[in-house]
Structure formats: C-alpha cells, structure tokens
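Visitor: Sequence and predicted structure, then a few things I'm wondering about:
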Amino acid sequence: MNTQTLERYSRMRSAGVPIIVAATPDPNDFVSDILVNVKGFAEANDWNESRVEREVTNVSFYGWDSVRGLIAYNDNARNEIQNVSDAPERMGGKPDVILKSINRVPENSVVFMMMKQEHLSDPVVRQGIANVRDEFKANYRTLILIGQQLQMPFELTGDVLYIDEELPSREVIRKTIKDTAASVSLEVEESQVDDSVEALCGLTQFQAEQLVAVNMRSSGILVDELWHAKKRVIGQTPGLTMFESNASFNDLVGLENIKQFVARIFDGNNRPNAIVFIDELDKSISTNTNDSSGVSLDQLQNVLTEMTDTDAMGILLFGIPGVGKTDLCKAAANYGRVPNLKLDLGGAKGKHVGESEGLIRMALKKIRAISSGKTLWVATCNSVDSLPAELRSRFSFGSFFFDIPGAKQRGDLWKLYIKKYGLNDDTAPQVTNWTGREIRNCCRIAHDLDIKLKDAKSYIVPIIESAKERVTDIRKQANNCFLDADRPGKYTMSRKAEETKSGRQIGLDN
C-alpha cells in the first residue's frame with residue numbers, strides 16, 4: 001500500500017467519516033496493509049498522543065465477508081465481538097444480515113466489508129448502509145466497503161467518500177522482484193529486472209510476487225513466462241485483452257506515410273509504453289446510441305477523461321474495409337516492442353446495476369498501470385459520421401485515410417501472398433481496385449481448394465463492386481479532410497484517380 005492511500009485513510013478517520021468506499025485491485029492486501037502499517041505511519045507523521053490512542057491503540061478492527069461472517073482483526077475487537085453477535089460466524093451470506101447488527105460494534109471501530117456490485121442491487125442492503133451514517137458519525141466508527149471497483153447507487157453517493165487505490169507502480173514492482181530474488185539469495189542482472197518490471201506492470205503486488213517466485217531459476221528469471229502469464233491475467237479483465245502478432249512493417253505493402261509516422265513516435269522523445277487499440281470505433285459508438293441506460297455515455301466519458309488526464313497520443317485510422325488498418329496497429333506494437341491492449345467497450349458491460357461503470361474504470365486503471373500513463377491510442381473506423389467531435393479531437397496525432405491499393409501495390413501484394421501460401425501459380429489474375437484482404441483471400445482459396453488463381457478469382461466479389469456507393473461515400477468523407485496513409489500530405493480523390501488511371505497490370509517475377 002502506498003503512503004498516499006494510508007494518508008487518505010487517516011484523514012478520513014480523523015475527520016470521523018462514517019462510510020468509505022475503497023476501490024482496490026487487491027481487497028485482502030488493502031485490509032492487511034492498513035492493519036500492519038497504520039502504527040508506523042502514525043510514528044512517521046508524529047501524531048499527537050490523543051490521535052494515536054484513538055486510531056492506533058484503542059481502535060477495534062472488524063471484518064466481514066459472505067463466507068466467514070463477522071471476524072475480529074485485533075484484541076480490542078475480539079474482546080467485544082460477543083456483544084455484536086453470539087455467533088459471528090453465522091453472519092455470512094448476504095450483507096443485510098450484518099448490517100442489521102452493525103450498530104452494536106463499540107465506539108471507535110472500523111469494519112471492513114468485502115462487497116460485490118450485485119450486493120448493492122438489493123434495496124435492503126442499500127438501506128442498511130444508509131442507516132449506518134448518522135450512528136457511526138457520532139463516535140468515530142467507520143464502515144469501509146471494499147471491492148475492486150464499486151459503483152454506488154445514486155441514493156448513497158452523498159453519504160460516502162472514496163479511496164481509489166492504484167495498481168502498484170514500476171518502483172513497487174521493481175522492489176518486489178528484488179526482494180523475492182533476495183529471499184533465495186539470487187542475484188539478478190539489472191537488465192533482467194528491467195524486463196521483468198515491464199512484464200509485470202498492470203498486475204497486483206501479490207500476483208507479481210507469485211509469478212516471480214514461480215519463474216525464478218538459478219540462471220535468473222524467465223521473462224517470457226511472465227509475459228505469457230500477464231496475457232492470461234489481463235484477458236480476465238472484462239473488455240480488455242492483450243494480443244500478440246508477428247506482423248511487422250515489412251509485411252505491409254504501401255502505407256509508407258503512416259508507417260514512417262508511427263516509427264517516429266516510438267523513436268522520439270516521448271515514446272509510449274503501450275498501444276491501446278479500439279477496433280471499428282464507429283460501430284461501437286453507433287451501437288451505443290440506442291443505449292438508454294447511460295452506460296455507453298459513461299464509458300465514452302471515461303475514455304475521453306483518461307486520454308485527457310494522461311495526455312495520451314491518439315491516431316485515427318479511417319478507410320475502406322480490408323486495406324490494412326488493423327494490421328498496421330499490430331505491426332506498430334511489434335516495432336515499438338510494447339504490449340498491444342485491445343479495449344472492447346461492449347465487453348466491458350455487466351448485468352448488474354452499476355457493474356458496467358465499474359468495469360470500464362477497472363480496464364482503464366489496468367491500462368494506466370501497464371503503461372505508466374504513457375499510451376498511444378489507435379482506433380480504426382469505416383465511417384466518421386457517428387463519431388462525436390470531442391472524441392475525434394482526442395486523436396490529436398492525426399487522422400489517416402486508407403484507400404484501396406494502387407496497381408503497383410497490388411502487384412506487390414500478389415507477390416507477398418503467393419509466397420506466403422506457397423503457390424506454384426505465379427500469374428496474378430487481371431484485377432482492378434482489389435483490397436489487400438481480397439488478394440489474400442484469393443490466394444488462400446487457391447491454396448485450400450488446390451485450384452489456379454484465375455479460378456479462385458471467381459469466388460471473390462470485391463468491395464468496389466459489392467458496396468460501390470459506400471466506397472464512394474467514404475472517399476468523399478476523407479477528401480481533403482484526412483492525411484493520406486500512403487503518401488505525405490492530405491488525401492484527395494483526384495490524386496487517387498490519377499494513380500489508378502496511370503497504373504499498369506504487371507507480370508510477376510519468379
């Protein structure tokens with residue numbers, strides 16, 4: 001637990017705050033750290049005698065969870081627990097059981113309650129919490145509701161104060177690694193410690209300690225295993241995944257302007273520590289416009305706030321489907337050697353009241369911990385009509401348009417995918433205005449069906465034919481309003497038309 005969290009706790013206790021909501025990545029550690037560290041914190045801050053007596057010496061610490069019921073954490077509480085209940089272990093189950101008896105705890109008590117969001121959906125539980133306020137305020141009693149991310153019902157928001165504990169910093173993770181290694185007298189090279197810190201950022205201190213202990217060898221720490229474990233842990237966060245890919249800029253034909261720009265970001269003076277990727281942002285926003293619960297608006301507001309508070313870099317990739325927008329993001333993460341975090345707003349929604357609001361905050365908290373607040377947000381979209389202006393403005397590092405590749409690029413794409421699928425047929429079909437995805441699909445069909453490319457072509461209907469009006473509309477939206485992903489400067493329909501007209505169908509070398 002960091003000093004800032006202890007300071008907030010002590011200030012609230014000193015002020016007689018009756019109800020505190022603690023959002024913490026590790027509820028068990030939160031409780032144990034307060035029990036262990038308050039005395040040392042008081043000594044370090046030179047509290048006066050009366051305050052030490054009240055908040056350290058004479059305080060009674062209780063805990064509650066749905067399995068163990070009411071428990072005593074110190075001697076003061078153990079001496080008084082029978083006055084609260086003659087069978088404290090039977091006070092488990094739903095929180096309404098303990099809330100009916102909680103006023104019996106003695107003066108100057110702290111009660112830690114492990115809560116779930118679904119508990120707060122019960123009107124009896126909400127009323128029980130509300131009943132605590134005036135009773136506890138009168139004599140230095142404090143109820144602390146603890147969860148990874150609790151969203152309080154509207155009627156209780158005026159009765160509580162919040163402690164929001166962040167995931168451990170890089171410095172804390174570094175100390176954890178070194179302390180764990182020292183416990184077995186293992187000397188670890190500083191470079192390997194640095195790599196391990198990067199692999200463990202975004203996890204709780206307990207998770208980091210566990211993984212280091214499991215992956216220590218006499219030769220050092222298995223950093224690759226730390227990354228694999230971290231990927232699984234992040235995948236358990238609703239709405240957030242970390243995906244890996246072998247894609248590189250060399251695999252992307254054309255798109256020279258955007259590739260150069262992204263490379264300069266990672267080679268510059270403020271390189272990001274992670275990429276946050278939102279795929280098809282326009283569909284997420286469009287789907288959310290019919291949400292009358294306010295959840296989607298809350299998600300959008302939290303994303304905007306996070307990008308603003310961390311001064312995040314943002315790039316918007318707009319264009320026709322199948323022209324390499326998603327592949328560019330994957331290649332960028334590999335170029336920068338940073339984790340690629342995919343944020344799915346739909347996946348960060350829960351079924352209980354207030355749960356969705358907590359899930360998006362949890363995902364953003366995880367992103368900030370992994371990146372230390374230094375992120376490059378990359379969003380793809382196939383339409384900008386539904387994107388609010390305030391959202392587009394957050395992607396201040398540029399909006400790039402991806403068009404259908406020209407003739408030369410199509411030739412290079414044929415070479416790339418013919419080689420990738422090991423085709424003996426090296427004669428590319430006569431095609432015009434095919435996307436990279438369509439060329440890849442044609443080569444895959446030829447391989448999987450064991451047929452010639454010219455025959456595989458008959459199974460492809462390019463988007464320029466199946467959605468001609470939509471392609472024209474997308475190009476009109478981008479005309480003189482977006483940067484060209486392929487060449488320096490703005491995208492213009494006239495320049496694209498000249499390129500297409502001057503293109504030549506070329507034969508392919510073996």
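Guide: Looks like it arrived, so ask away.
Visitor: my guess is Val111 is in a strand, correct?
Guide: Yes - membership of Val111 in a strand is supported by DSSP: H, G, I helix; E, B strand; the rest coil.
Visitor: wait, it sits on Asp65?
Guide: No - in this structure Val111 lies outside contact range of Asp65 using Cβ atoms under 8 Å: 11.6 Å. Every residue, glycine included, has its C-beta placed from N, CA and C.
Visitor: Can you classify Leu304 by secondary structure?
Guide: helix.
Visitor: neighbours of it, just the number please.
Guide: Look at Leu304: counted by other Cβ atoms under 10 Å, it has 15 neighbours.
Visitor: correct me, but it touches Ser393?
Guide: No - counting by Cβ under 8 Å, Leu304 sits too far from Ser393 to count as a contact (9.1 Å).
Visitor: What separation is there between Leu156 and Lys476?
Guide: 50 Å (Cβ to Cβ, to the nearest Å).
Visitor: Tell me which of those two has more neighbours.
Guide: Leu156 (17 against 10).
Visitor: now the more buried one: how far from Arg133?
Guide: 9 Å.
Visitor: Show me how this protein divides into domains.
Guide: 3-164, 170-235, 242-402, 407-502 (automatic domain parsing).
Visitor: any shared contact partners between Leu156 and Arg133?
Guide: Ile19 (Cβ atoms under 8 Å, 6 or more residues apart in numbering).
Visitor: follow-up on the earlier one: dump the domains of the chain to a markdown table, plus mean pLDDT.
Guide: Below are the domains of the chain laid out as a markdown table (pLDDT from 0 to 100):
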| stretch | mean pLDDT |
| --- | --- |
| domain 3-164 | 92 |
| domain 170-235 | 91 |
| domain 242-402 | 85 |
| domain 407-502 | 88 |
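Visitor: any idea which of the ones you listed is most buried?
Guide: When those are scored by mean count of other Cβ atoms under 10 Å, the highest mean neighbour count falls to domain 242-402 (a mean of 19).
Visitor: for that one, how far is the first residue from the last?
Guide: Start and end residues of domain 242-402 are separated by 25 Å (Cα to Cα, to the nearest Å).
Visitor: which residues sit in contact with the closest residue in space to Tyr162 that isn't next to it in sequence?
Guide: Nearest non-adjacent residue to Tyr162, counting by Cβ to Cβ, 6 or more residues apart in numbering: Val21, 5.1 Å away. The neighbours of Val21, taking Cβ under 8 Å, 6+ apart as the test, are Ile144, Leu145, Leu150, Met152, Val160, Leu161, Tyr162, Ile163.
Visitor: sec struct for Val21, please.
Guide: Applying three-state DSSP: Val21 is strand.
Visitor: Any idea how far stretch 16-34 is from the middle of the chain?
Guide: Centroid displacement of stretch 16-34 relative to its chain, using Cα atoms, centre = their mean, to the nearest Å, is 22 Å.
Visitor: nope, stretch 59-72 is what I meant
Guide: 32 Å.
Visitor: Quote the end-to-end distance of that stretch.
Guide: First residue to last in stretch 59-72 (Cα to Cα) measures 12 Å.
Visitor: Please export the C-alpha coordinates of stretch 405-413 as CSV.
Guide: Output of stretch 405-413 as CSV, limited to C-alpha atoms (Å, rounded to 0.1, in the frame of the first residue of the first chain):
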residue,chain,number,x,y,z
PRO,A,405,-4.1,0.0,-53.1
GLY,A,406,-2.9,1.2,-56.5
ALA,A,407,-1.6,-1.0,-59.3
LYS,A,408,2.0,-1.3,-58.1
GLN,A,409,0.9,-2.1,-54.6
ARG,A,410,-1.5,-4.7,-55.9
GLY,A,411,1.4,-6.3,-57.7
ASP,A,412,3.5,-6.4,-54.5
LEU,A,413,0.6,-7.8,-52.6
